[in-house]
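**Student:** Attaching a predicted model along with its sequence, questions to come.
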Amino acid sequence: MSTLRHDLPETDEFTRPYWDAAAEGRLLLRRCADCGRAHHYPREFCPFCWAGEDRVAWERASGRATLYTWSVIHRNDLPPFGTRVPYVAAVADLAEGPRMMTEVVDCPDGGLRIGMPLEVTFREAAEGVWVAVFRPA
């Protein structure tokens with residue numbers, strides 16, 4: 001009997017390029033050809049000007065970001081988070097513009113500061129499933 005996981009994505013045909021890139025150590029965004037804005041999480045349409053799927057394309061992100069806010073999580077009963085506490089849940093402003101929910105890793109206690117530079121790295125959440133997390137740059 002397997003344990004229900006609350007940290008794994010539901011991958012479909014549309015998001016497959018995003019997850020395949022993550023497994024290769026690349027962060028992808030979607031950018032609209034009409035308004036020029038990038039967005040994250042991946043959507044088939046532009047959430048700003050509503051341009052359709054044919055006007056929005058995948059783009060490799062630089063991996064650079066700044067820390068917008070964070071919270072240190074000391075208790076989480078959902079599997080597998082309970083085995084990882086404490087961890088840092090964060091929001092990062094990507095260099096390309098979008099704001100992204102993430103986790104900050106490899107940072108000593110008390111080392112986080114709003115506006116600090118971050119860089120993307122990837123953690124294997126399950127066999128073959130890699131997720132973007134950030135560490136101090």
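**Tutor:** Arrived safely. Note that this is a predicted model, so its numbers are computed, not measured.

**Student:** contacts and neighbour counts: CA atoms only from here.
**Tutor:** Fine.

**Student:** in the protein, which spans are helices?
**Tutor:** Per DSSP state H, the chain carries helices over the ranges 16-23.

**Student:** Could you list the residues in contact with stretch 41-56?
**Tutor:** Under the contact criterion C-alpha atoms under 8 Å, 6 or more residues apart in numbering, stretch 41-56 has outside partners 14-15, 18, 29-35, 37, 39, 100.

**Student:** try 7 Å
**Tutor:** In this structure, residues lying in contact with stretch 41-56 by C-alpha atoms under 7 Å, 6 or more residues apart in numbering are 29-35.

**Student:** how about those residues in JSON lines, adding neighbour count, distance to S71 and pLDDT?
**Tutor:** Conversion of the contacts of stretch 41-56 to JSON lines gives the following (neighbours: other C-alpha atoms under 10 Å; distance: C-alpha to C-alpha, whole Å; pLDDT from 0 to 100):
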{"residue": "L29", "neighbour count": "21", "distance to S71": "25", "pLDDT": "98"}
{"residue": "R30", "neighbour count": "23", "distance to S71": "27", "pLDDT": "98"}
{"residue": "R31", "neighbour count": "23", "distance to S71": "29", "pLDDT": "98"}
{"residue": "C32", "neighbour count": "24", "distance to S71": "32", "pLDDT": "98"}
{"residue": "A33", "neighbour count": "15", "distance to S71": "35", "pLDDT": "98"}
{"residue": "D34", "neighbour count": "14", "distance to S71": "36", "pLDDT": "98"}
{"residue": "C35", "neighbour count": "14", "distance to S71": "33", "pLDDT": "98"}
